[in-house]
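1. Mind looking at a prediction? Sequence and model below.
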Amino acid sequence: MDVLTREQRNRNMAAIRSRNTSPERAVRSLVHVLGFRFRLHAKDLPGRPDLVFRSSQKVIFVHGCFWHRHRCPLGRVKCGTNVEFWERKFRSNVLRDRRNLKELRLLGWEVLVIWECWLSDPGRLRRRIAAFLRSANGVQLR
């Protein structure tokens, strides 16, 4: 059962941003401290990656665990109301993510997906990012 009224829930959901989120800003800060420069949200690439490193043909997506259905506890939260709508929405998000990653790889881009829950261990996240950006052929971490 939802503890908010329908109007309150609508306001909350409408306020959720898809770009420049707190997790995304935290990752950008880490990448910047590591000495890498990047572009944001390239419209010409599938999925509009959050961080784009054109010279090395690498991209980073920062995914919210809830919205993109990560395997962590945050990604397994079930909605209590309008269940069919939300299941359809989450399924389409996951399928779209898979399609975008496949398209990027076919175009020769290396991809790293960073999950929101990974921000709880900044040292480990920093090492993952550094390994990905410094590698010659990229590293895929899940």
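-> All right, it came through fine.

2. pretty sure residue 30 is touching residue 126, no?
-> Yes. Residue 30 lies in contact with residue 126 (Cβ atoms under 8 Å); the separation is 5.5 Å. (C-beta placed from N, C-alpha, C; glycine too.)

3. So for the two, which sits in the more crowded spot?
-> Here residue 30 and residue 126 are compared on neighbour count by other Cβ atoms under 10 Å; more neighbours surround residue 30, at 18 against 15.

4. Could you give me the buried positions within the helix or strand in which residue 92 is found?
-> In the assignment (DSSP states H and E), residue 92 maps to helix 83-106. With burial defined by 16 or more other Cβ atoms under 10 Å, the residues of helix 83-106 counted as buried are 90, 97, 100-101, 104.

5. Does that helix pack against any helices or strands, and if so which?
-> The criterion is 3 or more Cβ pairs under 8 Å, 6 or more residues apart in numbering; DSSP states H and E, and the helices and strands that helix 83-106 contacts are strand 58-63, helix 65-68, strand 110-115.
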